[in-house]
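J.: need a structure here:
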Amino acid sequence: MNVEFINPFIKALLNVLTTMAQTTVTAGKPKLKNDAISKGDVSGIIGMIGPKIKGSFSISFDESLALTIMQRMLGERPDTLNEEVADMVGEITNMVTGGAKMELDEQGYEFDMATPAIVTGPNHTIVHQVSGPKLVITFTSPEGNVHLEICFDK
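T.: Predicted coordinates for the structure are as follows:
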């Protein structure tokens, strides 16, 4: 997988979490992922299709981090994952993908974005509708982890 496709998503995730949610996370090492089980409790998944590129991207949050971000962004902390938290994860997914899209457009990789799908619950599955390798990067924070998955067709 080409690093020029991955770095824009990493930069956009760090930017969105820092500016919108006053949350700092630290990136771990990228790893290949061989299964469809989510590493988080709530995930936003979005497809990307363009003339030169077809891919899928997801962001999965640990429940504790999602609830903390909800509190920081909207001033309220629910007791558990709910529809409002799922909506927030969808918006974060849109913002991160949009930020990465701007940078990739400048590199000549144009694509359209689908509407993100949101999945919640422990051990839910994330199915990328492309055949390339899946890469996962775990970002850590004192409030919990966020896992970025990205997959592009070969």
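
J.: the bottom helix or strand of this protein by mean pLDDT?
T.: Across the helices and strands of the chain, the lowest-confidence element by mean pLDDT, DSSP states H and E is strand 112-113, at a mean of 86.

J.: show me the contact partners of that strand.
T.: Strand 112-113 has contacts (C-beta atoms under 8 Å, 6 or more residues apart in numbering) with I46, G47, M48, I49, G50, N94, T97, G98, K101. Just so you know, the C-beta spots here come from the backbone N, C-alpha and C atoms, and that holds for glycine as well.

J.: okay, those in CSV with secondary structure and neighbour count next?
T.: Listed next are the contacts of strand 112-113 as CSV, based on DSSP: H, G, I helix; E, B strand; the rest coil; neighbours: other C-beta atoms under 10 Å:
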residue, secondary structure, neighbour count
I46, strand, 20
G47, strand, 19
M48, strand, 24
I49, strand, 16
G50, coil, 15
N94, helix, 16
T97, helix, 26
G98, helix, 13
K101, helix, 20
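
J.: which one among these gets closest to M70?
T.: For these, the minimum distance to M70 (C-beta to C-beta) is 16.1 Å, reached by N94.

J.: give me the neighbour count for L32.
T.: By the criterion of other C-beta atoms under 10 Å, L32 has 9 neighbours.

J.: spatially central residue in the protein, please.
T.: I59 (2.2 Å; C-alpha atoms, centre = their mean).

J.: what sits against S141?
T.: T23, T24, V25, T26, L65.
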